[in-house]
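K.L.:
Provided below for reference: sequence and predicted model.
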Amino acid sequence: MRIGIIGSGNVGGTLGTGFARAGHEVVFGFRDPASPGAASLLGRAPGTRAATVAEAAASSTVLVLATPYEAAEAALAPAGDLSGKILLDATNPIAPGLAGVSSPAGSSGAEEIAKLARGARVVKIFNTVGFEVMANPTFLAGARPATMLYAGDDTSAKEVAHGLAAGLGFDPVDLGPLAAARLLEPFALVWIRLALVCGHGRETAFLYLHR
Ligand SMILES: NC(=O)c1ccc[n+]([C@@H]2O[C@H](COP(=O)([O-])OP(=O)(O)OC[C@H]3O[C@@H](n4cnc5c(N)ncnc54)[C@H](OP(=O)(O)O)[C@@H]3O)[C@@H](O)[C@H]2O)c1
């Protein structure tokens, strides 16, 4: 699968590295592909390449959006027409002071991003644990994969997202339509509070149990 990363920082860099290790063709999109940061990431992610956001988007069928939520509109602008592409939205619209989410009432960041990324099939995923867990999603000596909840309106896009998350080592669980991102985005604050405020640390994840 050809995967382009828009926002190649902690989350984008980790996911792209994992997808490349799983055998996918990964292009990291940078504002400046010749920057030292791009060279450093490529050194840690064998088999990947750096490009502009426009090139990464044009050459990929799946895109990961992992910029700050507030930067999403500017970051998506050079990506151009995204018709038919799958957009995995990992962003979190977090209000200052972790007071809640900053997306408009009656919507979610993911739904707002879907309006910006016209034609793209958006799946909310990879927003509910820290990037360290994305690098290694298994717990209890490798016995239990962390749960990765996702939401989206397009069934085939969700199947792709599910497969990519499983390929990283997660147990992916479908939460329903993209509007369920209204639950997933504040849920990220639960992880953030546990990890960073309550003192459990960043090697923390959720396990959804069912019979
Ligand atoms: N950190 C986590 O553990 C975690 C977990 C789940 C979800 N998230 C969410 O994931 C997103 C990314 O978090 P992060 O920790 O990976 O942030 P980060 O390390 O700061 O990376 C953000 C990336 O976005 C890029 N960027 C910013 N504006 C851009 C633009 N206009 N065009 C192209 N690229 C742009 C930055 O590029 P430059 O280097 O050029 O500035 C940087 O590479 C956030 O929405 C966050 O809430 C984070």
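P.N.:
Okay, I see it. Numbers count the residues shown, from 1 in each chain.
K.L.:
so what does the helix ranked longest in the chain touch, helix or strand wise?
P.N.:
In the chain, taking DSSP state H as the definition, the longest helix is helix 155-168. Contacts defined by 3 or more Cβ pairs under 8 Å, 6 or more residues apart in numbering; DSSP states H and E place helix 155-168 against helix 10-21, strand 86-89, strand 121-124, strand 147-152, strand 171-174. The C-beta positions use only the backbone N, C-alpha and C, and glycine is treated the same way.
K.L.:
Of these, which is nearest His162?
P.N.:
With Cβ to Cβ as the criterion, His162 lies closest to strand 171-174 of the helices and strands packed on helix 155-168, at 4.5 Å.
K.L.:
I'd like the average pLDDT over whichever helix or strand comes after that closest one.
P.N.:
Going down the chain from strand 171-174, the next helix or strand is helix 181-192, by DSSP states H and E. Throughout helix 181-192, pLDDT has a mean value of 98.
K.L.:
Extract the C-alpha trace of the longest helix of the chain and format it as CSV.
P.N.:
Extracted as CSV, the C-alpha positions of helix 155-168 are listed here (Å, rounded to 0.1, in the frame of the first residue of the first chain):
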residue,chain,number,x,y,z
THR,A,155,-16.7,0.7,5.0
SER,A,156,-13.8,0.0,2.7
ALA,A,157,-11.7,2.8,4.1
LYS,A,158,-12.3,1.5,7.6
GLU,A,159,-11.2,-2.0,6.4
VAL,A,160,-7.9,-0.5,5.3
ALA,A,161,-7.5,1.5,8.5
HIS,A,162,-8.3,-1.7,10.5
GLY,A,163,-5.7,-3.7,8.5
LEU,A,164,-3.0,-1.0,9.0
ALA,A,165,-3.6,-0.8,12.7
ALA,A,166,-3.5,-4.6,13.0
GLY,A,167,-0.3,-4.7,11.0
LEU,A,168,1.3,-2.4,13.6
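K.L.:
tell me which residues in that helix are buried?
P.N.:
For helix 155-168, the neighbour count (16 or more other Cβ atoms under 10 Å) marks 157-158, 160-162, 164-165, 167-168 as buried.
K.L.:
got it, and stretch 97-115?
P.N.:
101, 103, 107-114.
K.L.:
From the residues you listed, which one has the minimum pLDDT?
P.N.:
Ser103 (93).
K.L.:
what residues are up against it?
P.N.:
Shown in contact with Ser103 (Cβ atoms under 8 Å, 6 or more residues apart in numbering): 69, 93, 109, 111-112, 182, 185.
K.L.:
These also near the ligand: which ones?
P.N.:
Tyr69 (Cβ under 6 Å from any ligand atom).
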